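Colleague: missing the sequence, but the structure's below:
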Ligand code: PGD
Ligand code: PGD
Ligand code: 6MO
């Protein structure tokens, strides 16, 4: 008999539209208001206080130290008590019957059977064993990771990888989705990945900058979350910047196709640019700086290499015989030539700080704007000065808040303590690469054995048969769902460990329910970069249903192959939390005294005093001989001999403008699909996290679907009204979304925020996505042969009003349970 779990839930939930587990299911019979207490914990969304009563989280309020809390705290309750929570271990029906012989086309059919924990873990272990013996380490990919919930002890990526690693070797990834192109190109140019580096302190920027250029950067939106427990100091600095914009002491220009949340907050200038054409604009600015002799030849001479190799390309004496003048750039980037010249002059006029966001490198040739940005900053000659030069991270985790200088607690170890501890010691990857670029794993599934150029080397894509996911959601983060569906047909076994029925779980065979971070004890740094203190993350409530901590799950898995002790080091949860604290206490010594663990746990927080102002690249500027950059030459490389030696057609020896595979505003593909789809990061979620939180979703969903934002002009052109249900489509896929008409968007640009849950109508390739995941439409190609990173923001679509009977949203509420 098949019972639809969604149908079942509808019956028990209070209120038709509310998709949360009803309190009656959760509150023990003995619940008593008198046992009400407040507890403090931390999260990506900041530290908070939670009111607990009757074993349930009743209310979440910001922590006293947080001056600028995010509204996303309002989603926490809905996340914990979402109807999408995984209640018990489940196995896909067809897979349980036929295992690796199961018809692959049924993957994603959403039919699951409940099993016991023992059965589920036995199956997981048997599959690991089968893959290692039948094939080898090359057939197992357990290397994807992502935005695990916070807490250093329970960092779930580490738990899964340590446990699977104790069993045997497996395929890993290099790079990440966030900054895949940036972190590969910038070491060649500026000698470090830059993107995750501490940036010049905001107070020094305030003192010294005349102009801040926010290039593809929306910090007011993106500083709401942090990698560790977020302090929201960055948001505080934005508010100070707003005052400086108002009194005219600092000018801010936001160069972005859309009016961003930050621009609206700061009330600053907006410089529109056609999507994906920034390099053309930058070249034209460089051209003006050079032609009008507004650049700094002394800086170029002293600190850089390769300007003379770049100059012929800029001035039209190179192979393409095209001068990169403002007149050349104007029709490409949609900005008047005089306006471009004016921008260049303003940048050269005073102290100018470039602040780049990351969305502009998540597109085809995403390496180029980062490289060209560095060239522009070098021409202005202010790299290494307070309030000048370039940064690639001021929108992330409060980078730019002066750090305390203290050490943060470390995390649960990712690798086995010794390679000897692995059960399967077979390291033979049979000629396949053991590490692949993070976004190229679907390529591996579709074309195993293919040789792929990558960052000066060649990767041979492994023949993957099994994948294990924990703390990441590839059916959100990877591009092109229908391609993924085809690729998943090649897999024999997929295991997911999550607390919520993400689309990744739906496309898995074995699904294990982890508890959320709110259901375990942990420890975290307060301030990923500023290291303001150490926070006790106290368990708020017991694990819901049959969920268990990742630690508990993986320890039990390891028991099956005799590695329980090696995995846990003989310690339980609190012993681990204490040992991470003690290591941190030792590292901080006398300089940052920390109380004994028991006192810390009781008090809940230890603060680190001090804030050290910092200027990025100042040491290099002071003495480039003694403090060389990490580039091959030690200087800023405007021309890279190393990259040139790779002879890539899509990443040459210096930055160049290249046309994209798809580009709006007259570019390739725009006649058929005239709208650029940008899938930037969501304002009211962290990727896919909290999409399942009904109270949050209610704040933005339109007719129960993810919004697609568009201009009034495009709405008129496509016959769409605000609030309409629309179909957004291209040759790769189709989705339903709810139209929101907004002045922030220019004609030709639409936005669907990444992380919207994928809810296909069926398992078959091409089926309509009923909720609105933009990766149903995005393109799965590498940025270039250099970085092979995601190109999510290279994507064209069309849009039409949806007529007919709207299908039910299938994204939430978990699978259909087969009994
Ligand atoms: P999340 O939605 O955060 O996204 O991709 P990522 O996969 O990190 O997924 C985390 C998953 O881990 C969730 O399913 C969550 O429930 C689960 N999880 C969280 N905590 C725990 C835990 O403690 N235990 C277990 N077992 N599970 C847990 C993010 C990636 O998406 C990133 S960083 C970027 S920058 C990319 N951005 C874009 C983009 O801009 N545009 C598009 N189109 N696509 C993107 N994808 C990328
Ligand atoms: P996005 O919002 O995707 O953020 O940080 P990232 O900087 O990548 O993009 C920023 C801006 O780039 C947008 O305003 C967009 O219009 C612009 N842009 C895109 N393409 C172009 C272009 O071709 N030219 C120009 N000039 N502008 C362009 C992402 C970072 O945010 C990351 S990687 C993570 S993992 C975190 N994720 C979240 C999150 O999911 N939710 C929130 N609220 N905050 C986050 N912070 C972090
Ligand atoms: Mo990211």
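Modeller: That came through fine. Here the structure is a predicted model, which means the values were calculated and not measured. Ligands and ions are numbered 1, 2, ... in the order given.

Colleague: residue 726: which element?
Modeller: Assigned by DSSP states H and E, residue 726 belongs to strand 725-729.

Colleague: what's next to that strand, contact-wise?
Modeller: 677, 702-703, 705, 708, 718, 720, 734-739, 750, 752, 768, 772, 777, 797-802, 806 (C-beta atoms under 8 Å, 6 or more residues apart in numbering). In this view, the C-beta of every residue, glycine as well, is placed from N, C-alpha and C.

Colleague: try 7 Å this time
Modeller: Contact with strand 725-729 is made by 703, 705, 708, 720, 734-739, 777, 797-802, 806, as judged by C-beta atoms under 7 Å, 6 or more residues apart in numbering.

Colleague: out of these, which are buried?
Modeller: 703, 705, 708, 720, 734-739, 777, 797, 799, 802 (16 or more other C-beta atoms under 10 Å).

Colleague: how about the residues of the protein near ligand 2?
Modeller: 178, 216-218, 221-222, 224-225, 255-258, 260, 273, 275-276, 278, 357-360, 363, 395-396, 678, 680-683, 685-687, 755, 793 (C-beta under 6 Å from any ligand atom).

Colleague: excluding sequence neighbours, find me the nearest residue to the residue in the chain positioned nearest to ligand 1.
Modeller: Proximity to ligand 1, evaluated over the chain using C-beta to the nearest ligand atom, is greatest for residue 146 at 2.3 Å. Nearest non-adjacent residue to residue 146, counting by C-beta to C-beta, 6 or more residues apart in numbering: residue 472, 3.0 Å away.

Colleague: verify the stated contact: the one you found with residue 141.
Modeller: No - if you go by C-beta atoms under 7 Å, residue 472 and residue 141 don't touch, sitting 11.8 Å apart.

Colleague: tell me which helix or strand in this protein has the weakest average pLDDT.
Modeller: In the chain, no helix or strand scores lower on mean pLDDT, DSSP states H and E than helix 5-12, which sits at a mean of 31.

Colleague: low-confidence ranges, the stretch 701-819 of the chain, go.
Modeller: Residue ranges of the stretch 701-819 of the chain with pLDDT under 70: 819.

Colleague: next to ligand 1 in this structure, residues from it, please.
Modeller: Counting by C-beta under 6 Å from any ligand atom, the stretch 701-819 of the chain sits next to ligand 1 at 754, 755, 774, 775, 778, 792.

Colleague: now the stretch 451-600 of the chain
Modeller: 470-473, 476-477, 497-500, 502, 514, 517, 550.

Colleague: ok, the residues you listed vs ligand 2, which is closest?
Modeller: For these, the nearest to ligand 2 is residue 477 (9.4 Å; C-beta to the nearest ligand atom).

Colleague: for the closest one, list the residues it contacts.
Modeller: Taking C-beta under 7 Å, 6+ apart as the test, what residue 477 contacts is 146, 177, 687.

Colleague: likewise residue 521?
Modeller: Residue 521 sits in contact with 537, 538, 539, 573, 574, 577, where contact means C-beta under 7 Å, 6+ apart.

Colleague: quick check: the nearest residue to the fourth one once chain neighbours are set aside vs ligand 2, distance?
Modeller: To tie it back to what came earlier, the one meant is residue 573. Take residue 573 and drop its neighbours on the chain: the residue closest to it by C-beta to C-beta, 6+ apart is residue 521, 5.8 Å away. Using C-beta to the nearest ligand atom, to the nearest Å, we find residue 521 at a distance of 26 Å from ligand 2.

Colleague: residues touching residue 733, list them.
Modeller: Taking C-beta under 7 Å, 6+ apart, we find residue 733 in contact with 481, 482, 769, 776, 777.

Colleague: what about the residue nearest to it when sequence neighbours are not counted, neighbour count?
Modeller: Nearest residue to residue 733, sequence neighbours excluded (C-beta to C-beta, 6+ apart): residue 776, at 4.0 Å. If you count neighbours by other C-beta atoms under 10 Å, residue 776 ends up with 29.

Colleague: residue 776 against residue 736, yeah?
Modeller: No - look at residue 776 against residue 736 with C-beta under 7 Å: they stay out of range, at 9.9 Å.

Colleague: picking that back up, parallel or antiparallel, list what pairs with the strand holding residue 726.
Modeller: strand 734-741 (antiparallel), strand 796-801 (antiparallel) (DSSP bridges).

Colleague: quickly note the distance from the most centrally placed residue in the chain to residue 489.
Modeller: For the chain, the residue nearest the mean C-alpha position is residue 178 (4.8 Å; C-alpha atoms, centre = their mean). Distance, residue 178 to residue 489, by C-beta to C-beta, to the nearest Å: 29 Å.

Colleague: picking that back up, contact partners for the residue nearest to residue 146?
Modeller: By C-beta under 7 Å, 6+ apart, the neighbours of residue 472 are 144, 145, 146.

Colleague: tally up the residues packed near residue 267, please.
Modeller: Residue 267 has 10 neighbours, counted by other C-beta under 10 Å.

Colleague: you'd agree it is up against residue 245?
Modeller: Yes - between residue 267 and residue 245 a contact is recorded at 6.2 Å, counting by C-beta under 7 Å.

Colleague: can you give me the helices for the stretch 351-500 of the chain?
Modeller: Taking DSSP state H, counting those that start in this stretch to define them, one finds helices in the stretch 351-500 of the chain at 367-380, 441-446, 474-477, 481-488.
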